[in-house]
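**Student:** turn this into a structure:
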Amino acid sequence: MKKCILIAGALVALGASAASAAGINLSWADCGTAGTQNATFACNANSGAPFTAVGSFDPPAGIAKFLGIAAQIDITTDQVNLPDWWKHGSAVCRGTTGLATSFDFTSGPFTCADFFGGQAAGGFAYDVGFGTPARARFRIQAAIPAGTEGPVAAGTEYYAFKANFLRPKTVDAGAVLACVGCANPACIVLNEIQLFQPLASGNDPQIFNPRDRQFVTWQSPVGGPPNCPGSTPTQNKTWGQVKSLYR
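**Tutor:** Numbering: from 1, shown residues only. Down below sits the predicted model:
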């Protein structure tokens with residue numbers, strides 16, 4: 001499992017409440033309907049631009065002091081066991097160079113609202129074999145500095161994160177062997193985005209339902225991979241519980 005440290009300022013949280021009127025999206029290259037559902041790759045190079053899955057959210061009403069997000073993503077393929085190409089971490093095939101996150105949208109895309117304005121810091125954890133050998137769970141977290149919080153408006157779609165899937169170890173390169181499985185169809189599901197505010201607000205809602213579409217596919221045939229968009233239930237968390245995953 002890969003663990004990255006998140007510098008989250010002075011964030012603390014109470015229990016979360018589920019949001020029913022809001023929604024979340026996941027798309028390739030841009031937010032929501034401005035992005036695409038499927039990505040394809042000839043699996044013939046170890047370098048080149050990353051494949052970027054963009055998470056976004058439409059918040060519920062009443063978020064006056066937004067500070068940060070935590071997101072959970074499930075990745076499955078058409079295989080009984082998760083292929084090596086989808087195994088990220090220090091002790092597995094793809095190592096630590098095949099996956100990255102970003103929260104900076106100052107250079108685009110510009111379709112949705114950017115509350116972070118380049119100020120957010122974040123990190124991620126990636127669990128291979130989460131619950132079953134066929135799945136990985138990708139957990140993402142980000143926050144702006146304490147004192148820079150502000151309102152987000154219901155009915156507006158905001159950028160949350162970029163999940164960058166990079167190309168290293170896709171093909172053999174001398175002594176470095178390829179990680180097999182790039183060509184297998186995969187399903188990437190955004191289970192939830194939780195929004196965080198300061199302690200006094202007492203309101204850190206989790207958003208589960210899609211605004212437009214909360215999953216993307218990889219190398220997808222017509223109809224998509226089996227059981228896409230299958231996902232697993234998530235549980236309410238406090239900000240302190242989420243931070244503990246990165247220690």
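
**Student:** burial count for the spatially closest residue to Arg211 that is not a sequence neighbour?
**Tutor:** The spatially closest residue to Arg211, leaving aside those adjacent along the chain, is Gly23, at 2.9 Å (CB to CB, 6 or more residues apart in numbering). Any C-beta I mention is one placed from the backbone N, CA and C, and that applies to glycine too. Applying other CB atoms under 10 Å, we find 22 residues neighbouring Gly23.

**Student:** wait, Gly23 touches Arg213, no?
**Tutor:** No: applying CB atoms under 8 Å as the test, Gly23 and Arg213 come out as separate, 9.8 Å apart.

**Student:** what residues does stretch 82-93 touch?
**Tutor:** With CB atoms under 8 Å, 6 or more residues apart in numbering as the test, stretch 82-93 has contacts from 1-2, 75-77, 94-96, 98-99, 126, 128-129, 133-136, 169-170, 179-182, 184, 186.

**Student:** right, I mislabeled it, should have said stretch 101-121
**Tutor:** 6-8, 29-32, 34, 54, 56, 66, 68, 122-124, 140, 142-145, 148, 150, 152, 156-164.

**Student:** for ChimeraX, write a command that selects the buried ones of those residues.
**Tutor:** The ChimeraX selection below is limited to those of the contacts of stretch 101-121 classed as buried (16 or more other CB atoms under 10 Å):
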select :6,8,30,31,32,34,54,56,66,68,122,123,124,140,142,143,144,148,152,157,158,159,160,161,162,163
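
**Student:** tell me the confidence at Leu177?
**Tutor:** pLDDT, Leu177: 88.

**Student:** dump the residue contacts of it.
**Tutor:** Per CB under 8 Å, 6+ apart, neighbours of Leu177: Lys169.

**Student:** what about it, distance to Val171?
**Tutor:** Distance, Leu177 to Val171, using CB to CB, to the nearest Å: 9 Å.

**Student:** give me phi/psi at Trp85?
**Tutor:** With angles defined as degrees, to the nearest 10, Trp85 sits at phi -60, psi -20.

**Student:** neighbours of it, just the number please.
**Tutor:** Considering only other CB under 10 Å, Trp85 is surrounded by 24 other residues.

**Student:** and what of Asn25?
**Tutor:** Neighbours of Asn25 using other CB under 10 Å come to 27.

**Student:** quick check: closest non-adjacent residue to it.
**Tutor:** Gly32 (4.0 Å).

**Student:** and Trp85, by the same measure?
**Tutor:** Gly181 (3.7 Å).

**Student:** now the end-to-end length of stretch 113-121.
**Tutor:** Start and end residues of stretch 113-121 are separated by 18 Å (CA to CA, to the nearest Å).

**Student:** run the chain-centre distance for it.
**Tutor:** Remark: stretch 113-121 is offset 16 Å from the chain centroid, using CA atoms, centre = their mean, to the nearest Å.

**Student:** what residues sit buried inside that stretch?
**Tutor:** So stretch 113-121, judged by 16+ other CB under 10 Å, has buried residues 113-116, 120-121.

**Student:** JSON lines please, covering those residues and showing pLDDT and secondary structure.
**Tutor:** Converted to JSON lines, the buried residues of stretch 113-121 look like this (pLDDT from 0 to 100; DSSP: H, G, I helix; E, B strand; the rest coil):
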{"residue": "Ala113", "pLDDT": "98", "secondary structure": "strand"}
{"residue": "Asp114", "pLDDT": "98", "secondary structure": "coil"}
{"residue": "Phe115", "pLDDT": "98", "secondary structure": "coil"}
{"residue": "Phe116", "pLDDT": "98", "secondary structure": "coil"}
{"residue": "Ala120", "pLDDT": "97", "secondary structure": "coil"}
{"residue": "Ala121", "pLDDT": "95", "secondary structure": "strand"}
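
**Student:** out of the residues you listed, which two sit at the greatest distance?
**Tutor:** Ala113 and Ala121 (19.4 Å; CB to CB).

**Student:** quick one, phi psi at the residue nearest to Asn25?
**Tutor:** phi 50, psi -130.
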